[in-house]
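# return atomic coordinates for the entry below.
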Amino acid sequence: MADWGPVVIGVVLFILLSPGLLFQLPGHTRHVEFGGFHTNGKSVAVHTLIFFAIFTILILAVGVHIHTG
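As a prediction, the model looks like this:
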C-alpha cells in the first residue's frame, strides 16, 4: 500500500503557495500583494518557510494519510 498523503498535500500546497499566484508576501510595493504574478527573492524565501511549516504540521502533527491499493 502506498501512502499518497504527503504527495498530494505537497502538490496542493506548492500550487497554492507559489509566490505571486494568489498572494505574495512581501510584495514589491506593499507588504502583501494579491494576484500580481510577480516574484522576488524575499517572497520565495517567505513562501518556502510557510510551505514547510504547513506541510510539517499537516503530515506530522495531523497525520494526513491517503492509502491506495
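# what residues does whichever helix in the chain runs longest touch?
Secondary structure assigned by DSSP state H gives helix 41-56 as the longest helix of the chain. Contacting residues not belonging to helix 41-56 are listed as 6, 9-10, 13-14, 17-20, 24-27 [C-beta atoms under 8 Å, 6 or more residues apart in numbering]. Using the backbone N, CA and C atoms, a C-beta is placed for each residue, glycine as well.
# helix or strand next in line after it, which one?
Sequence-wise, the next helix or strand downstream of helix 41-56 (DSSP states H and E) is strand 67-68.
# what does that following strand rub up against?
By C-beta under 8 Å, 6+ apart, the surrounding residues in contact with strand 67-68 are 1-4.
# go again with 6 Å.
1-2, 4 (C-beta atoms under 6 Å, 6 or more residues apart in numbering).
# that strand: partners in the sheet, and parallel or antiparallel?
Using DSSP bridges, strand 67-68 pairs in its sheet with strand 2-3 (antiparallel).
# how much distance is there from the strand it pairs with to the middle of the chain?
Offset of strand 2-3 from its chain centre (C-alpha atoms, centre = their mean, to the nearest Å): 21 Å.
# what's the spacing between the residue nearest to Asp3 when sequence neighbours are not counted and Ile15?
Spatially, and ignoring its direct neighbours in sequence, Asp3 is nearest to His65 (5.5 Å; C-beta to C-beta, 6 or more residues apart in numbering). Distance of His65 to Ile15, computed by C-beta to C-beta, to the nearest Å: 21 Å.
# between the contacts of helix 41-56, which sits nearest Ile59?
Distance to Ile59, by C-beta to C-beta, is smallest for Pro6 among the contacts of helix 41-56, at 5.4 Å.
# re earlier: surely the residue nearest to Asp3 and Gly5 touch.
Yes. If you go by C-beta atoms under 6 Å, His65 and Gly5 touch, sitting 4.4 Å apart.
# more crowded one of those two?
Per other C-beta atoms under 10 Å, whichever of His65 and Gly5 has more neighbours is Gly5, with 16 against 11.
# so Ile9 sits against Ile57, correct?
No. Under the criterion of C-beta under 6 Å, Ile9 makes no contact with Ile57, lying 10.2 Å away.
# and the two? which has more neighbours close in?
Ranked by neighbour count (other C-beta under 10 Å), Ile9 and Ile57 place Ile9 first, with 17 against 11.
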